[in-house]
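K.L.:
pasting the sequence and the predicted coordinates here, then a few questions.
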Amino acid sequence: MKKYVFIFKSEFMSSLQYILNVIFGFIGYAVILFVFFQLWEYLYSDPNELINGYTMSEMVWYVIITEILWSSLGGRKLCTKICNDIKSGNIAYNICKPYSYIGYVVSSHLGSIAVKTAIYFLLGMIMGFFFLGGFPKLSLISILLIAFSSILSLGISTLLILIIGLFSFFIEDAQPFYWLYSKFILIVGTLFPIEFFPKIVRPILNYSPIFAICYGPAKLFVHFDMLYALQVIGIQFIYLVVVYFICTLLYKKGVKKLNVNGG
């Protein structure tokens with residue numbers, strides 16, 4: 001465990017050197033928030049009106065949280081790195097290292113995006129306050145649970161992208177799968193809560209990764225409830241175990257395939 005903490009710290013310290021790049025990169029995120037603020041302001045004739053259980057303020061905060069979790073993840077860069085490691089054969093050097101490749105990728109990636117995520121949260125909160133004139137009423141314990149749920153969300157997202165990248169062991173290039181996955185998350189996960197989808201689709205989305213990586217943490221921020229928070233975090237832990245198991249299985253099969261083929 002200490003080596004993974006060291007890898008995390010190393011990447012974290014390295015990312016501190018590029019804070020200005022992160023701040024400038026926030027511009028695209030800010031444009032998205034501005035567009036959606038204008039959209040919801042237009043759709044809501046009365047700011048206190050409820051549409052599928054959400055006021056205008058809650059809808060804007062929902063998009064702010066989901067976009068922070070997705071925009072700060074750097075998923076395309078991570079998937080590209082894993083695919084290139086496999087295609088170039090660099091992953092062979094990691095097989096003999098005294099650490100797990102999966103553990104290395106996860107700790108390295110989370111360390112590299114920690115500063116970016118923190119800055120996006122800070123600037124996102126400032127923009128939300130500027131647009132809406134206030135924050136949702138949250139206690140200290142609720143803020144801590146939402147933060148913990150958000151960290152679990154980033155961990156699950158990282159492992160899901162790792163799964164996609166590991167497909168490169170078996171196909172020529174897994175990046176088109178990431179493109180499809182990212183568009184699915186963007187359209188279905190970040191822009192609208194599950195309540196906005198047809199009733200026949202909602203049960204499916206409630207058991208999909210959308211719940212664990214986008215909907216759950218954002219719903220807690222706008223409609224916090226202690227029992228629901230425990231349910232969200234419990235489901236996230238289950239997802240974390242399942243996706244880690246799938247990662248391990250794919251990696252072992254990929255390495256076995258590499259060894260058989262003389263890679």
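P.N.:
Arrived safely. All of these numbers come straight from a predicted model, not from anything done at the bench. Numbers count the residues shown, from 1 in each chain.

K.L.:
averaged over its residues, which helix or strand of this protein has the lowest pLDDT?
P.N.:
helix 91-95 (a mean of 71; mean pLDDT, DSSP states H and E).

K.L.:
quick one: distance of that helix to the chain centre.
P.N.:
Remark: helix 91-95 is offset 26 Å from the chain centroid, using Cα atoms, centre = their mean, to the nearest Å.

K.L.:
for stretch 99-117, same thing?
P.N.:
Distance of stretch 99-117 from its chain centroid, counting by Cα atoms, centre = their mean, is 13 Å.

K.L.:
contact partners of that stretch?
P.N.:
Stretch 99-117 is contacted by residues 3-5, 7-12, 14-16, 19, 22, 25, 68, 72-74, 78, 82, 91, 94-95, 97, 154-155, 158-159, 162, 244, 247-248, 251 when judged by Cβ atoms under 8 Å, 6 or more residues apart in numbering. (C-beta placed from N, C-alpha, C; glycine too.)

K.L.:
mind running it again at 6 Å?
P.N.:
For stretch 99-117, the surrounding residues in contact (Cβ atoms under 6 Å, 6 or more residues apart in numbering) are 3-4, 7-8, 11-12, 15-16, 22, 72, 74, 78, 94, 158, 162, 247, 251.

K.L.:
type out the ChimeraX command that picks the buried ones from those residues.
P.N.:
Buried residues among these (16 or more other Cβ atoms under 10 Å), as a ChimeraX selection:
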select :4,7,8,11,12,15,22,72,74,78,158,162,247,251
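
K.L.:
among the contacts of stretch 99-117, which are in helices?
P.N.:
With helices taken from DSSP state H, the overlap with the contacts of stretch 99-117 comprises 3-4, 7-8, 11-12, 15, 22, 78, 94, 158, 162, 247, 251.

K.L.:
the residues you listed: which two are farthest apart?
P.N.:
Spatially, the most separated pair among these is V22 and Y251, at 30.2 Å (Cβ to Cβ).

K.L.:
tell me which of the ones in helices among the contacts of stretch 99-117 is nearest to G53?
P.N.:
Taking Cβ to Cβ as the measure, G53 sits nearest to T158 out of the ones in helices among the contacts of stretch 99-117, at 30.5 Å.

K.L.:
hmm, back to that, restricting to C-alpha, output the least confident helix or strand of the chain in PDB.
P.N.:
Extracted as PDB, the C-alpha positions of helix 91-95 are listed here (Å, rounded to 0.1, in the frame of the first residue of the first chain):
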ATOM      1  CA  ILE A  91       3.200  -2.900 -20.300                       C
ATOM      2  CA  ALA A  92       5.700  -5.900 -20.400                       C
ATOM      3  CA  TYR A  93       8.100  -3.800 -18.200                       C
ATOM      4  CA  ASN A  94       5.400  -3.500 -15.600                       C
ATOM      5  CA  ILE A  95       4.700  -7.200 -15.300                       C
END
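
K.L.:
can you list contacts of that helix?
P.N.:
By Cβ under 6 Å, 6+ apart, helix 91-95 touches 85, 101.

K.L.:
if we use 10 Å, what do you get?
P.N.:
Residues outside helix 91-95 that contact it (Cβ atoms under 10 Å, 6 or more residues apart in numbering) are 82, 84-86, 100-102, 104-105, 166, 168-169, 251, 254-255, 258-259, 263.

K.L.:
quick check: next helix or strand after it?
P.N.:
Helices and strands here follow DSSP states H and E; after helix 91-95, the next one along the chain is helix 101-132.

K.L.:
now that next one and helix 2-15, what's the angle there?
P.N.:
40 degrees (axes from the mean of the first three to the mean of the last three Cα atoms, to 10 degrees).

K.L.:
could you give the average pLDDT over helix 101-132?
P.N.:
Taken as a whole, helix 101-132 carries a mean pLDDT of 87.

K.L.:
off-centre distance for that helix?
P.N.:
9 Å.

K.L.:
got it, and stretch 39-46?
P.N.:
Distance of stretch 39-46 from its chain centroid, counting by Cα atoms, centre = their mean, is 28 Å.

K.L.:
buried stuff in the least confident helix or strand of the chain?
P.N.:
I91.

K.L.:
S142 - how many residues pack around it?
P.N.:
Number of residues near S142 (other Cβ atoms under 10 Å) recorded here: 17.
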